[in-house]
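>>> next come a sequence and a model predicted from it.
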Amino acid sequence: DAKTTQPNSMESNEEEPVHLPCNHSTISGTDYIHWYRQLPSQGPEYVIHGLTSNVNNRMASLAIAEDRKSSTLILHRATLRDAAVYYCILRDVSAGANNLFFGTGTRLTVIP
Amino acid sequence: DAGVIQSPRHEVTEMGQEVTLRCKPISGHDYLFWYRQTMMRGLELLIYFNNNVPIDDSGMPEDRFSAKMPNASFSTLKIQPSEPRDSAVYFCASSLGSGANDEQFFGPGTRLTVL
């Protein structure tokens, strides 16, 4: 499976935008880019996913580089409730499998 | 829907005892996953089922671990005998399908402590 590289930790001030980067230089053409996050003492939860085009939903935006070797999760206005570990995951949907391989993720700290 | 339900939420047992973790997936979901999370190894997939059939159990650490899914609404993960190194948070997740839009929904986890 193609791997992803994320910074171990990041900080943001409350109500400011946050850009969480992810490198995936070995991504294949059939890999989707998924983001999950894990709030303290909870199970992971889905945030957003995309293939080639930028994506927006109520939680966040996903910006995908033109060569697809990197992507950025954007939280437009960080709140204290956004403090979590954010995981960038590649999923090869063509393989028919649905299992997720979590890396170490980025621990986001939101400063009041 | 109540989401993925796991029980118990916390389990403390002694080394050598049998431990059974339970999971009720979201109704209508065809896929069920068991994950384990530790500080050292992070979040790792143990096994997953499709339509109650185990598809990939390559993540199961050893023969002491077994998982079953007798019907679409129930799954168990059993450890026998348990060891201190099995202490971890065990998550169950389910998804509707295996398509790109099929996100996984995770339960709250079971925190297992083996003394």
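Cool, the structure landed. Residues are numbered from 1 along each chain as shown, chains lettered A, B, ... in the order given.
>>> distance of residue A:110 from residue A:62?
For residue A:110, the distance to residue A:62 equals 20 Å [C-beta to C-beta, to the nearest Å]. In short, each C-beta sits where N, CA and C put it, glycine included.
>>> quick one: which of these two has more around it?
Neighbour totals were compared for residue A:110 and residue A:62, and residue A:62 leads with 23 against 20 (other C-beta atoms under 10 Å in any protein chain shown).
>>> can you tell me if whichever strand or helix holds residue A:71 touches chain B.
Taking DSSP states H and E as the definition, residue A:71 sits inside strand A:70-75. No: against chain B, strand A:70-75 shows no contacts by C-beta under 8 Å from any C-beta of the partner chain, the least distance being 14.9 Å.
>>> pLDDT on that strand, on average?
For strand A:70-75, mean pLDDT rounds to 98.
>>> and chain B, which residues reach chain A?
B:4, B:31, B:33, B:35, B:42-45, B:48, B:55-56, B:91, B:93, B:95, B:97-109.
>>> filter the residues you listed to the buried ones?
B:4, B:31, B:33, B:35, B:42-43, B:45, B:48, B:55-56, B:91, B:93, B:95, B:98, B:100, B:102-109 (16 or more other C-beta atoms under 10 Å in any protein chain shown).
>>> just list the residues touching whatever residue of chain B ends up closest to chain A, thanks.
When scored by C-beta to the nearest C-beta, chain B has residue B:106 as its residue closest to chain A, at 3.1 Å. Residues near residue B:106 by C-beta atoms under 8 Å, 6 or more residues apart in numbering or on different chains: A:42-45, B:4, B:35, B:91-93.
>>> tabulate the CA atom coordinates of stretch A:25-41 in PDB.
What follows is stretch A:25-41, C-alpha atoms only, in PDB (Å, rounded to 0.1, in the frame of the first residue of the first chain):
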ATOM      1  CA  SER A  25       4.600  10.600  -3.400                       C
ATOM      2  CA  THR A  26       4.000   6.900  -4.300                       C
ATOM      3  CA  ILE A  27       0.200   7.300  -4.800                       C
ATOM      4  CA  SER A  28      -1.300   5.200  -7.600                       C
ATOM      5  CA  GLY A  29      -4.000   6.200 -10.100                       C
ATOM      6  CA  THR A  30      -6.600   4.300  -8.200                       C
ATOM      7  CA  ASP A  31      -5.800   5.600  -4.700                       C
ATOM      8  CA  TYR A  32      -8.400   7.800  -3.100                       C
ATOM      9  CA  ILE A  33      -7.200  10.200  -0.400                       C
ATOM     10  CA  HIS A  34      -9.100   9.900   2.800                       C
ATOM     11  CA  TRP A  35      -8.900  11.900   6.000                       C
ATOM     12  CA  TYR A  36     -10.100  10.700   9.400                       C
ATOM     13  CA  ARG A  37      -9.700  12.300  12.700                       C
ATOM     14  CA  GLN A  38      -9.700  10.900  16.200                       C
ATOM     15  CA  LEU A  39     -10.900  13.100  19.100                       C
ATOM     16  CA  PRO A  40      -9.600  12.300  22.600                       C
ATOM     17  CA  SER A  41     -11.000   9.100  24.000                       C
END
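>>> that stretch and chain B in contact?
Yes: residues of stretch A:25-41 are located near chain B by C-beta under 8 Å from any C-beta, namely A:32, A:34, A:36, A:38.
>>> give the buried residues for that stretch.
Result for stretch A:25-41 [16+ other C-beta under 10 Å]: buried residues A:27, A:31-38.
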